[in-house]
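K.L.:
Give me a model of this one.
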Amino acid sequence: RRQDDSETTKPSLMMLNFMVWWRENVIRPIHSTRILLPQVMGIPGHIYMSFVYPTIVIVGGYYIMQWAIGKSHENIGVNGEKLPQLGFQQSEQVKTQNAMLAKTLRTVEEQASKSSSTTTKRRQIDE
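P.N.:
Below you'll find the model as predicted:
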């Protein structure tokens, strides 16, 4: 039994040794390396880099987001029109909520248009 136990622990021990080696010989030298950035037009290089690093992440994230949106449109349609074909159906509760929301939005838009026409009439009278 002891031989079986030692055989099962050997791969994990080898992995542990490799990770220790990796940390000491790869990660630590990389993280301990410091490169002094020169001044550009009197501004220290690290100031420029504080703009470069986030810019790369933001621009890269934007393009990844656009790719994901494209995949979403490809898979389920721009407004989800392919969902019923895939077997997804809205529940009656969701349909009712959507109808109530649409009714509320129409009411608000009508009130806003009446309010703006009243304001326009007041301006004409004032002039």
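
K.L.:
S116: helix or strand, and which one exactly?
P.N.:
Assessed by DSSP states H and E, S116 sits inside helix 92-126.

K.L.:
With Q90 instead?
P.N.:
Judged by DSSP H and E, Q90 forms part of no helix or strand.

K.L.:
That one: neighbour count?
P.N.:
Residues lying near Q90 (other CB atoms under 10 Å) number 13. C-beta coordinates here come from the backbone N, C-alpha and C atoms, glycine included.

K.L.:
What about it? Give its phi and psi, please.
P.N.:
Dihedral angles of Q90 (phi, psi; degrees, to the nearest 10) stand at phi -80, psi 140.

K.L.:
all numbers from here: first residue = 418
P.N.:
Will do, 418 is the new start, and the previous item becomes Q507.

K.L.:
Tell me where the model's unsure across this structure.
P.N.:
Applying pLDDT under 70 to the chain flags residues 418-428, 535-544.

K.L.:
mind running it again at 80?
P.N.:
The model of the chain has pLDDT under 80 over residues 418-432, 503-507, 533-544.

K.L.:
phi, psi of V437?
P.N.:
Here is the backbone geometry of V437 (degrees, to the nearest 10): phi -60, psi -50.

K.L.:
now swap in V457 and tell me
P.N.:
With angles defined as degrees, to the nearest 10, V457 sits at phi -120, psi 120.

K.L.:
where's the helix holding S533 relative to the chain centroid, distance-wise?
P.N.:
34 Å (CA atoms, centre = their mean, to the nearest Å).

K.L.:
What of stretch 488-504?
P.N.:
Per CA atoms, centre = their mean, the centroid offset for stretch 488-504 relative to its chain is 20 Å.

K.L.:
Kindly check the end-to-end length of it for me.
P.N.:
Start-to-end span of stretch 488-504 (CA to CA, to the nearest Å) is 19 Å.

K.L.:
Tell me how many other residues surround P461.
P.N.:
Counted by other CB under 10 Å, the residues lying close to P461 total 13.

K.L.:
In three-state terms, label the residue nearest to V457 when sequence neighbours are not counted for me.
P.N.:
Using CB to CB, 6 or more residues apart in numbering and skipping residues adjacent in sequence, the residue nearest V457 is Y465, 6.3 Å away. Three-state assignment for Y465 (DSSP: H, G, I helix; E, B strand; the rest coil): helix.
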